[in-house]
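**Student:** whatever this is, show me its structure:
(2 chains)
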Amino acid sequence: MSVPDFPQCPFLPGRREFLGRAGLGMAGLLLGPGLLESCAPGSPRAHIRGTLRGANKVTGHQLWNPGQLPAPTHTVQTDIVIIGGGVAGLSAKRWLHRHGQQNVLLLELDAHVGGNSASGQNATSAFPWGAHYLPLPDPRHAELLEFLRETGTITGTAPDGRPIYNEYHLCHDPEERLHLHGHWQTGLVPELGVPASDRAQIARFFELIETLRHARGQDGLDAFRIPVDQSSQDEQFRRLDAISFADYLTQHGFTSDYLRWYLDYCCKDDYGTTAAMTSAWAGLHYFAARKGDAHNASSADVLTWPQGNGFLVEHLRRQAPEGILPNTLAYAVQETATGVAVLTYNTLTQKTSRLQARHVLLATPQFVTQRLLHGLPGLFRPTQPLHRAPWVVANLTVDGLPQGPGAPLSWDNVIYGAESVGYVNANQQDVALGTQQKVITYYWPLTDELPKAARQRAYRTSYDQWLTQILAELEKAHVGITARVRHADVWVWGHGMVAPTPGTLWHPGRQQAAQPLRQRFFFAHTDLSGMSIFEEGFYQGIRAARQLLGHSA
Amino acid sequence: MGNDPVLPPPEQGRRSTRADHLPALLLGSVFVIATCGLIYELIAGTLASYLLGDSVTQFSTIIGAYLFSMGIGSWLSRYLDGALLKWFIRLEILVGLVGGFSAPLLFVLFEYVSSFRLILYSLVGLTGILVGLEIPLLMRILENRYEFKDLVSRVFTFDYIGALLASLIFPLVLVPQLGLIRTSLFFGALNVVVAAIALYRFPETRPYRRRFAGLMAGTLLLLAVGFGYAERIMTYTETMAFQDQVIYSKSTVYQRIVLTRNNRELRLFLNGNLQFSSADEYRYHEALVHPAMQALPKAKRVLVLGGGDGLAVRELLKYPQLQRIRLVDLDAGMTHLFQHNEMLLALNKGALNNPKVQVINGDAYQWVRYDTTRYDLLVVDFPDPSNYSIGKLYSTSFYTELHKLLAPDGLMVVQSTSPYVAQKSFWCISHTLQAAGFHTIPYHTYVPSFGEWGYVLAGRNGHWRGNGTLPQGLRYLTAATLKEMLHFPPDMAEVPTEINQLNNQALVRYFEDDWAPYTH
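**Tutor:** You can find the predicted model right below:
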């Protein structure tokens, strides 16, 4: 599924790889430095084969000048066009399909749908290129639970009414470990060698979270809930969005370096930003919105698969597989007397088409939506662009992981004080007694600069430079790992995912941007939630599809 | 070199009248040859008693066979004529090769051949013959150069001194420092060095020097490579970790298999954990198989998971009604060993080679997810849940898969670690089986080399009875023993535990805690 793996080294013939990975649908535009494959002869990494993955920048830029494209040679009539094959677009398509809408075309710039949930596969394992887990969902999110029944993730209901989860999908133990003071400890909250005063602060923080998890506003709604839109409107909680999580923590006396490191890690892991750049509401939401409930798992458990959320994407896709047009860029959207016209460019055949439809559903990130609908009367215009963090993800095939003392290889493995957010063992859900060979997926949000600068620097960085930095970090906890890396592919996500910076979530613009226009234009994307998680993409797709169905009815 | 021979030229009629004319180099060669010869004999004797046990018999027969072969060699020496020096050099290279590789060869072949003794005695015979040729040949080379009485006196003096040295350094230095394989290879190289010295000190070797030099270099290289790889054949340091002599060790992709033996018993270790002792394994395996089988008079199909030693299968084959026994063991290295090695075949009675038995090398978990056969009996004989990978084979998910494979009136038995040492682990396994929908009947027995050991019988219903017919000739299990096995005294009594799931691995944590006082 998803992105195929290319083991060759050194050079592949120029392969068209458009972005669209950030759920962009139309993406090719701004990403990547083109496809590069590098080996560094003579270095200790010379034996490592792999590729630098990303978009074809040249083609992407060419597409910014639609005037250069040939005029559409034919016209296709349909009811609904969905632009963008990320989670929101697929979720919308599934919902429309279930409600009788068969004439739907979904345009995906990439060769595969999935957006941020892209995944790959090699001889050792399937592995994620992006989103890789789903926290046990809040049982009140009925549509999501229903979907999980369809995927075989929920296998039944216990007599007490709680869902029974498929144990092959629940993250297998051991789940998390942290490399701290030269030792692997179990769990990610620092404990080993942490002074009592810091421990007290950590305990106080989790007491606060427990209170917030159960907190409700004056309107009777949960203070923190997934989907974000179903959280309380109460100002006492919403005003937390105005300040940064870092400031909030300082104001509340949470100053422990260990605790602050951990919370910074959490913000980076979920949002791709530091606590200083994250809204306090979002920082707390990360913990306080986890309301999963199961007969055979705890609320802190997560669901995961070797290919990450590629598993969920594939199920979304399979439910309504017709009418998905991959390698297809939407380069213009026009309003017509009876509906809309979407101009598309097939990046393989290099032909353009005109799709005439009654409705268009843009499941694209805000910057793409703005460009596509530029000048459209009534279009909501954001005052400033959303903060979109660049990420680097690497998949390393290793012949075993040499390690020092402490806990054994877990699902999530984090090195204290590192720039990255650690790595995930893609083989975690294997039940077979495997050999030593594993695939580990290394996640690194580039948070040390503002997104634009970090993105530009990322585009200039070579495969060898990435690998050098990644291995230098891994060597801290796994001395000698370099010699055991067989294969390493690196993926640069230029526009990784939307970050809930202060003022983003409860800004009225977020709601306005989701409003349909003249029964023709509908919007679904995690940008409209302000945080890029599967549940929000799934929710936004259904929300927009419902609006559309309401209009067509 | 070679232009300044230390030995006097072989002029006709010229004889040395004084023993002192025998140069030190020659005597050195005799000394080395003698040492090497005895070392090979000691290696063969030691190896035979390691691998086959019963050291008195082994040493005695090996020494006898070796000396007798030396006699054959001495007798054969009369048929060697012509360029004796050339013969001698050839011989030394050959002794270096055969003697040098004798130990590694025997260790490697031990796994593969069905008649190890034949190989052993053939190799001992060959080495003996070659060594037996050495001294007579050397004496004939030198007979015209020295007074006979001096020759005989000096050659045999150094011969016996060499033997003394060998017998002392072998147990005191060589075995502890180098191990058998490297000792063997090292002395092989010394034989080749003697050949090299002869080649360069005797001027008449000039015509064939280049050719022989190449041959020697090749042989030395082979021996050196063997020396470098000796660790792969047998990790010497490992032999120190076991109480008894390690007679076989091999790292497969999955585990390290080690066999040890002493005069009384053979023991199998996987990753350092004892799997069985030949002295009392019958207790373990009779208790594993018969409580279930005696209740299944109509059973036809059995699936054995783990148990690549074939010992559980040996017990199963005592029931003629069984038509098909399928054994799934991860490690081909393990099943191959127990299908081919003479000593181990004697132990498992060739069970894995029985036509009713199908051996599959594959992952048990993967297998049970895709197998669609319905079995009357499932025998689950995995290593203890000492790590997260193995812990998965004791989970609700795994047992749920097994539940699907079981015939309606079928039974399953699970080896379940020690209920005495690991009380929580044992009961956790029982409770996990219950959570997967099984009725369970826990039981235990005493296996001297393990201690108190536990099993859980599981079925889709509670129909099990212990009054069936047991096969003839069991050494441990009787109707009375069976009854006792079901009783759990207070120190092993049922305790409440969590259920072992893939997402909590409760069992591995219990197991670590339970065994911690015994391992730290």
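
**Student:** now the helix or strand A:Ala488 falls within: mean pLDDT?
**Tutor:** A:Ala488 is located in strand A:485-498, with elements delineated by DSSP states H and E. Confidence over strand A:485-498 (mean pLDDT, whole number) is 90.

**Student:** mind giving me the packing neighbours of the helix or strand where A:Asn413 lies?
**Tutor:** Secondary structure assigned from DSSP H and E places A:Asn413 in strand A:412-415. Contacts defined by 3 or more C-beta pairs under 8 Å, 6 or more residues apart in numbering or on different chains; DSSP states H and E place strand A:412-415 against strand A:176-180, strand A:423-425, helix A:463-477. Where you see a C-beta, it was placed from the backbone N, CA and C, and this is true even at glycine.

**Student:** given the shortest one, what are its sheet partners and their directions?
**Tutor:** Sheet pairing for strand A:423-425, assigned by DSSP bridges, gives strand A:412-415 (antiparallel), strand A:437-445 (antiparallel).

**Student:** what's the first helix or strand after the longest one?
**Tutor:** Scanning forward in sequence from strand A:437-445, with DSSP H and E defining helices and strands, the next element found is helix A:451-460.

**Student:** that next one vs strand A:485-498, what angle?
**Tutor:** Counting by axes from the mean of the first three to the mean of the last three C-alpha atoms, to 10 degrees, helix A:451-460 points 150 degrees away from the direction of strand A:485-498.

**Student:** what about the residue nearest to B:Ser115 when sequence neighbours are not counted, how many residues nearby?
**Tutor:** Computed as C-beta to C-beta, 6 or more residues apart in numbering or on different chains, the closest residue to B:Ser115 that is not its neighbour in sequence is B:Glu342, at 6.2 Å. B:Glu342: 16 surrounding residues under other C-beta atoms under 10 Å in any protein chain shown.

**Student:** per-residue pLDDT, B:Glu342?
**Tutor:** 85.

**Student:** and it, how far is that from chain A?
**Tutor:** Distance check for B:Glu342 against chain A: by C-beta to the nearest C-beta, to the nearest Å, it reads 29 Å.

**Student:** distance of A:Ile226 relative to A:Val87?
**Tutor:** A:Ile226 sits 14 Å away from A:Val87, taking C-beta to C-beta, to the nearest Å as the criterion.

**Student:** quick revisit: pretty sure the residue nearest to B:Ser115 contacts B:Phe116?
**Tutor:** Yes - between B:Glu342 and B:Phe116 there is a contact under C-beta atoms under 8 Å: 5.2 Å.

**Student:** and among the helices and strands packed on strand A:412-415, the most buried is which?
**Tutor:** Among the helices and strands packed on strand A:412-415, strand A:423-425 has the highest mean neighbour count (mean count of other C-beta atoms under 10 Å in any protein chain shown), at a mean of 26.

**Student:** show me which residues of the stretch 101-250 of chain A are close to chain B?
**Tutor:** When proximity is defined as C-beta under 8 Å from any C-beta of the partner chain, the stretch 101-250 of chain A approaches chain B at A:Glu167, A:Tyr168, A:Leu170, A:Cys171, A:His172, A:Asp173, A:Pro174, A:Glu175.

**Student:** which pair of those spans the longest distance?
**Tutor:** Using C-beta to C-beta, the pair of those lying farthest apart is A:Tyr168 and A:Pro174, separated by 16.5 Å.

**Student:** more neighbours: these two, which one.
**Tutor:** In this view A:Tyr168 and A:Pro174 are compared by other C-beta under 10 Å, and A:Pro174 has more residues nearby, 23 against 16.

**Student:** just give me the neighbour total for the nearest residue to that one once chain neighbours are set aside.
**Tutor:** Once flanking residues are discounted, A:Pro174 sits nearest to A:Ser410: 4.2 Å by C-beta to C-beta, 6+ apart. By other C-beta under 10 Å, 24 other residues sit near A:Ser410.

**Student:** hang on, isn't A:Ser410 packed against A:Glu176?
**Tutor:** Yes - A:Ser410 is within contact range of A:Glu176, at 5.5 Å (criterion: C-beta under 8 Å).

**Student:** name the residues contacting each of those two.
**Tutor:** Residues touching both A:Ser410 and A:Glu176 (C-beta atoms under 8 Å, 6 or more residues apart in numbering or on different chains): A:Thr186.
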